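A.B. asks: Quick one, what's the 3D model for this:
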Amino acid sequence: MKLRLKSLVATLALMLVGTAYAGPVIIDGTDANDHGSASGGANLEGWLYMQRALENLAANLAPGTAKRVVSVGTTGGQAGAAIASAFNLSSLAATWTLVTVDGDVAIGNFLSTLSTASTGILYLPTYGLSSGDLTLAEMTAVNANATNINNFVGGAGVPTDGGGLFAMGEDGAGAYGWLTTLIPAIVPVELGSGGIDSAITLTAAGNTAFGGGLSNTDVGNAVPWHGYFEGSLGGLSVLGVADFNNASRSVIIGGGAGAQIGCGLPGQPPCLNVPEPGTLPLIAVAGVALLTAGLRRRRAR
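C.D. replies: Next comes the predicted model:
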């Protein structure tokens, strides 16, 4: 019995230093990169939303994840300027690096070996909504690597120390192909280039996922928006909503640490209830304390 208790103590102790969880996810239907700017050393409007999103994702990553944001397909223009400013004026700039991978071949090669050893946050910019964003060939390369993106975040059937994902609005042939590959029952609704001006507000799940790191003021900057999500969300939650045609629409989906993308549907692994990063260590601390006390009582006898 003593050996068994010691083994349990050792196991719980390992949980203190080895907690595993999927990475945080933000997927939206906005083209915030096309509706922002920087002035006086500060990001404004959509670019500020992007900055806050990056900061929140970084804050929810597992220790040891590479401090590197990789942006795919931003070839300059508004899309390139937006992610550069969102990153350079964020708190990440002091210790992180921003890398751009451009061109369908380069993007395909990069995503085929995507891992948290070299990437902390994967940024998928808009497609068909802003100058310098993803081309059709680049979107096709992204879609072909849906499984690699899913595994990177940590939704491949078991919780892992996953990376963060920030993906924005897509419109046109192949839009959200990677997402519908992972969640076949999700329905991305594209509203075209005009955009909807109704304010985006956080849901209760959004406030929980962002933990105050992304506010209604921040998401309110991400207008106009161009799409929303219906149907099954797999392992994701509705984080931000806005009104359209007298109905509340799911404009931002995802989740904090523990979010999973492709799961819970036919052909996909089950969705796992992954504790928030701080929860499991606290449980382990309590377990270690109780078991240690039990060992002491046995020795006293």
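A.B. asks: Mind jotting down where the strands sit in the stretch 201-301 of the chain?
C.D. replies: 201-202, 227-231, 237-244, 247-255 (DSSP state E, counting those that start in this stretch).
A.B. asks: Output those strands as TSV; include the columns mean pLDDT, distance to G132 and mean neighbour count.
C.D. replies: (Each C-beta comes from the backbone N, C-alpha and C, glycine too.) TSV is the format used below for the strands of the stretch 201-301 of the chain (pLDDT from 0 to 100; distance: least, C-beta to C-beta, whole Å; neighbours: other C-beta atoms under 10 Å):
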stretch	mean pLDDT	distance to G132	mean neighbour count
strand 201-202	94	29	20
strand 227-231	97	19	20
strand 237-244	96	25	22
strand 247-255	95	23	24
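A.B. asks: Can you lay out those as a markdown table showing distance to A42?
C.D. replies: What follows is the strands of the stretch 201-301 of the chain, written out as a markdown table (distance: least, C-beta to C-beta, whole Å):
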| stretch | distance to A42 |
| --- | --- |
| strand 201-202 | 22 |
| strand 227-231 | 28 |
| strand 237-244 | 23 |
| strand 247-255 | 23 |
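A.B. asks: For G128, find the nearest of those strands.
C.D. replies: Among the strands of the stretch 201-301 of the chain, the nearest to G128 by C-beta to C-beta is strand 227-231 (10.7 Å).
A.B. asks: Quick one: closest of the strands of the stretch 201-301 of the chain to A84.
C.D. replies: Checking the strands of the stretch 201-301 of the chain against A84 by C-beta to C-beta gives strand 247-255 as the closest, at 22.4 Å.
A.B. asks: follow-up on the earlier one: nearest to P125, out of the strands of the stretch 201-301 of the chain?
C.D. replies: strand 227-231 (14.2 Å).
A.B. asks: Between strand 247-255 and that closest one, find me the angle.
C.D. replies: If you take axes from the mean of the first three to the mean of the last three C-alpha atoms, to 10 degrees, strand 227-231 sits at 80 degrees to strand 247-255.
A.B. asks: helices or strands up against strand 227-231?
C.D. replies: Judged by 3 or more C-beta pairs under 8 Å, 6 or more residues apart in numbering; DSSP states H and E, the packing partners of strand 227-231 are strand 186-190, strand 237-244, strand 247-255.
A.B. asks: Now tabulate those in TSV and tack on distance to T203.
C.D. replies: Shown next, in TSV, are those (distance: least, C-beta to C-beta, whole Å):
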stretch	distance to T203
strand 186-190	17
strand 237-244	5
strand 247-255	9
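A.B. asks: what stretches of the chain score poorly on pLDDT?
C.D. replies: Low-confidence segments of the chain (pLDDT under 70): 1-21, 155-160, 258, 263-301.
A.B. asks: circling back to that earlier point, and of the helices and strands packed on strand 227-231, who's closest to F110?
C.D. replies: strand 247-255 (21.9 Å).
A.B. asks: which residues are contacting that closest one?
C.D. replies: 24-30, 165, 189, 200, 205-206, 209, 219, 222, 225, 227-230, 233, 235-243 (C-beta atoms under 8 Å, 6 or more residues apart in numbering).
A.B. asks: swap the cut-off to 6 Å and go again
C.D. replies: Identification of contacts with strand 247-255 by C-beta atoms under 6 Å, 6 or more residues apart in numbering yields 25-29, 200, 209, 225, 228-229, 233, 236-242.
A.B. asks: How about stretch 74-88?
C.D. replies: Contacts of stretch 74-88 (C-beta under 6 Å, 6+ apart): 33-34, 38, 43, 47, 50-51, 69, 71, 98, 100, 102, 125, 130-133.
A.B. asks: List the buried residues for that stretch?
C.D. replies: Residues of stretch 74-88 classed as buried: T74, T75, Q78, A79, G80, A81, A82, I83, A84, S85, A86, F87 (neighbour count, 16 or more other C-beta atoms under 10 Å).
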